[in-house]
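Chemist: With the input below, show me the fold.
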Amino acid sequence: MSASSEDAQELGYIGFRLLEAPVVRRDDPRALKYIVDHLKPGTTIERRFEVANKSGTKREVKLYAAAAKIAKNRFVFADGRRPNELSRWTSIRPGALVLDPWEKAEGKVTIKVPQDAAPGERYAVVWAQNETPPDAQHNIGSIMRVGTRVYLDVSDSGEYADFRITKLVARRDKDGAPSVLAHVHNTGKRALDLQGKLRLLDGPGGLDAPGRNVTQGTTLPPGGRGTVSVDGLDRRLPAGPWTARLHLESGTVKQSLSARLTFPAPGGTSLAAIITSSHGGIWSAAAGVLAACAAALTLVRYRRRRAAPSRP
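Modeler: Reported below is the predicted structural model:
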């Protein structure tokens with residue numbers, strides 16, 4: 001059996017964190033969590049990371065890269081060590097660590113992009129894995145994995161990231177619980193991990209509702225379309241009308257939208273009337289400039305990482 005990094009951290013077994021990010025991406029929260037970069041063919045980058053044994057038992061941790069992809073608007077990792085193009089470009093040193101209880105150690109990821117690499121974005125996961133075999137007390141072994149996603153775009157030109165919120169839909173399920181669904185189009189050339197917040201203002205009698213975060217887990221590939229939802233709204237909310245203010249972001253790419261919406265009867269949907277929307281795509285420097293800057297790295301603050309089937 002296997003577990004995600006979140007499961008592993010809850011059990012206190014393995015911790016994983018990146019120690020470096022490119023200076024040019026220091027304001028990008030995704031680059032502090034994941035290995036996110038844009039490189040020319042023929043470029044090599046390195047990233048340091050830390051693995052921690054968060055238990056009172058000595059553990060051997062295996063380090064490797066494996067395939068990942070975006071499927072059905074989710075970041076999905078492959079079973080086991082199944083490779084893809086990006087994982088074959090990626091090497092991890094050392095390949096294994098033996099950690100005493102509560103010990104920490106560093107490793108290094110090296111990604112070498114071939115000179116003849118075709119343009120496009122590729123995905124992988126860097127894993128730290130601990131295996132526990134069956135014993136006298138446990139007849140079933142376990143595999144715990146924790147790691148970080150890799151988003152690598154390859155081209156000779158600059159990168160461009162952008163998205164648009166195309167429509168907002170108010171809903172109630174058959175039991176009367178309200179929710180809001182935002183339709184999003186990735187109009188850029190980089191994958192997006194969408195997060196954000198919805199506020200409902202100017203309701204009946206001037207009522208304002210508490211803000212609610214969108215449900216995370218939506219990853220849109222370049223050119224992809226999908227939805228993000230805001231669930232868990234109070235079922236006692238009156239129908240409205242309301243002024244909805246939605247803010248979505250992926251790293252440094254952000255968009256906000258204001259709309260007038262009314263919640264329908266149970267089991268129904270209602271299209272919101274958009275009042276205003278703002279967006280601004282992010283052009284990066286050319287890949288050659290980024291590659292030159294990649295050698296200068298900055299220490300980033302501690303953050304625990306996930307690399308899971310739906311939400312690494």
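Chemist: CA only for contacts and neighbour counts going forward, please
Modeler: Noted.
Chemist: Secondary structure class of residue 70, three-state.
Modeler: Residue 70 carries the three-state label strand when classified by DSSP: H, G, I helix; E, B strand; the rest coil.
Chemist: Surely it touches residue 217?
Modeler: No - using C-alpha atoms under 8 Å, residue 70 makes no contact with residue 217, being 11.3 Å away.
Chemist: can you map out the strands along the stretch 1-150 of the chain?
Modeler: If DSSP state E, counting those that start in this stretch is used as the criterion, the strands of the stretch 1-150 of the chain fall at 2-3, 14-18, 20-22, 35-39, 44-53, 59-71, 74-77, 90-93, 96-99, 104-112, 120-132, 142-154.
Chemist: Over to the stretch 151-300 of the chain?
Modeler: Taking DSSP E, counting those that start in this stretch, the strands of the stretch 151-300 of the chain run over residues 160-161, 163-172, 178-186, 192-193, 195-201, 209-213, 219-220, 225-230, 242-250, 253-261, 269-271, 273-279, 282-283, 297-299.
Chemist: Turn those into JSON lines, including mean neighbour count, distance to residue 66 and mean pLDDT.
Modeler: What follows is the strands of the stretch 151-300 of the chain, written out as JSON lines (neighbours: other C-alpha atoms under 10 Å; distance: least, C-alpha to C-alpha, whole Å; pLDDT from 0 to 100):
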{"stretch": "strand 160-161", "mean neighbour count": "19", "distance to residue 66": "25", "mean pLDDT": "89"}
{"stretch": "strand 163-172", "mean neighbour count": "22", "distance to residue 66": "28", "mean pLDDT": "96"}
{"stretch": "strand 178-186", "mean neighbour count": "20", "distance to residue 66": "26", "mean pLDDT": "97"}
{"stretch": "strand 192-193", "mean neighbour count": "22", "distance to residue 66": "20", "mean pLDDT": "96"}
{"stretch": "strand 195-201", "mean neighbour count": "19", "distance to residue 66": "26", "mean pLDDT": "96"}
{"stretch": "strand 209-213", "mean neighbour count": "15", "distance to residue 66": "31", "mean pLDDT": "93"}
{"stretch": "strand 219-220", "mean neighbour count": "26", "distance to residue 66": "19", "mean pLDDT": "97"}
{"stretch": "strand 225-230", "mean neighbour count": "19", "distance to residue 66": "26", "mean pLDDT": "97"}
{"stretch": "strand 242-250", "mean neighbour count": "22", "distance to residue 66": "24", "mean pLDDT": "96"}
{"stretch": "strand 253-261", "mean neighbour count": "20", "distance to residue 66": "28", "mean pLDDT": "95"}
{"stretch": "strand 269-271", "mean neighbour count": "18", "distance to residue 66": "41", "mean pLDDT": "96"}
{"stretch": "strand 273-279", "mean neighbour count": "14", "distance to residue 66": "35", "mean pLDDT": "83"}
{"stretch": "strand 282-283", "mean neighbour count": "14", "distance to residue 66": "29", "mean pLDDT": "60"}
{"stretch": "strand 297-299", "mean neighbour count": "16", "distance to residue 66": "24", "mean pLDDT": "43"}
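Chemist: Of those strands, which is nearest residue 124?
Modeler: Closest approach to residue 124 among the strands of the stretch 151-300 of the chain (C-alpha to C-alpha): strand 219-220, 14.0 Å.
Chemist: in its sheet, what does the closest one sit against?
Modeler: Strand pairing for strand 219-220, determined by DSSP bridges: strand 192-193 (antiparallel).
Chemist: neighbouring contacts of the strand it pairs with?
Modeler: Counting contacts by C-alpha atoms under 8 Å, 6 or more residues apart in numbering, the residues outside strand 192-193 that touch it are 186, 217-222, 249-251.
Chemist: farthest pair in the residues you listed?
Modeler: Largest separation among these by C-alpha to C-alpha: 217 and 222, giving 16.1 Å.
Chemist: Looking only at neighbour counts, state which of the two leads.
Modeler: Summary of the neighbour comparison: residue 217 and residue 222, criterion other C-alpha atoms under 10 Å, with residue 222 having more neighbours (20 against 17).
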